[in-house]
Structure formats: C-alpha cells, structure tokens
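*Asks:* Pasting a predicted model and its sequence here:
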Amino acid sequence: MNLLEALKMTCKDASYLHEKKKEGKLSFTETIGLRVHLLYCSLCRLFFKQLDTLGEYTHRFSQSDKTMTPLDSSTKERMKQSLAEELRK
C-alpha cells in the first residue's frame, strides 16, 4: 500500500487493518493510512472503540468465570425444542 492509497482508504479497508493491527502486523504505511482514516471517520472510531471494548469484556469474562456449571441434558433438550419451535414460526 502506498501513501496515496492509504489516503483513499475505505471503511472496509480500515476494518481489515484494525484487525491486522491487533496481530501486530501493520507496515508503516498501513499504520499511517489507518491513523489518517480515523482522523476524519468518526464512525470507524466509534466502531473500533466498541469492538475493542467488547473484546475486552469477553476476554475478562472468559478468564474470570471458571465456576459455571454445565447444563443438564433435559434443560439442553428443552432449549433445543424451544429454539426449533421459534424457528418454525
């Protein structure tokens, strides 16, 4: 990606780069392009903030809640039947 392409970045491109950034694999040009896009795109800023917050919460929840007990088989079966009934509507 050259600098001119980075300046014409779409929100879809920015989303891809945001995910790539989490893996630490952005080039210098991609980093600059993403930053420039976020300067003028308030929707992406909000969306990425929400994504990061959701990811944080799910990570915290998965790490902290080791005391959950599994559902018994009768409860699972009732839930499956209820879901199947809702899907038929």
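*Replies:* In hand now; what should we look at?
*Asks:* okay, CA-based contacts and neighbour counts for the rest of this
*Replies:* Noted.
*Asks:* which outside residues touch stretch 14-21?
*Replies:* L26, E30, L34, H37, C44, F48 (C-alpha atoms under 8 Å, 6 or more residues apart in numbering).
*Asks:* what are the ranges of the strands in this structure?
*Replies:* Assigned by DSSP state E, the chain shows no strands.
*Asks:* pLDDT score for the residue nearest the centre of it?
*Replies:* Centroid check for the chain by C-alpha atoms, centre = their mean gives L51 as the closest residue, at 4.5 Å. As predicted, L51 sits at a pLDDT of 93.
*Asks:* one step back: now, which of the contacts of stretch 14-21 sits nearest E86?
*Replies:* Proximity of the contacts of stretch 14-21 to E86 (C-alpha to C-alpha) peaks at F48, which lies at 33.1 Å.
*Asks:* Quick check: the gap between the closest one and E56.
*Replies:* For F48, the distance to E56 equals 12 Å [C-alpha to C-alpha, to the nearest Å].
*Asks:* These two: which has the busier surroundings?
*Replies:* Comparing F48 with E56 by other C-alpha atoms under 10 Å, the one with more neighbours is F48, at 17 against 11.
*Asks:* need the contact list for the more buried one.
*Replies:* S15, H18 are the contacts of F48 under C-alpha under 8 Å, 6+ apart.
*Asks:* Same question for the one 5 residues further on.
*Replies:* Contact analysis of T53 by C-alpha under 8 Å, 6+ apart lists nothing.
*Asks:* Number the residues from 17 up from this point.
*Replies:* New numbering, starting at 17: the last item is T69.
*Asks:* now stretch 50-59: mean pLDDT?
*Replies:* 93.
*Asks:* just the helices in the protein please.
*Replies:* 19-23, 27-38, 44-56, 58-80, 89-104 (DSSP state H).
*Asks:* ranking the ones you listed by burial, who's on top?
*Replies:* Across the helices of the chain, averaging neighbours per residue (mean count of other C-alpha atoms under 10 Å) puts helix 44-56 on top, at a mean of 17.
*Asks:* Give me the helices and strands touching it, please.
*Replies:* Helix 44-56 is packed against helix 19-23, helix 27-38, with contacts defined by 3 or more C-alpha pairs under 8 Å, 6 or more residues apart in numbering; DSSP states H and E.
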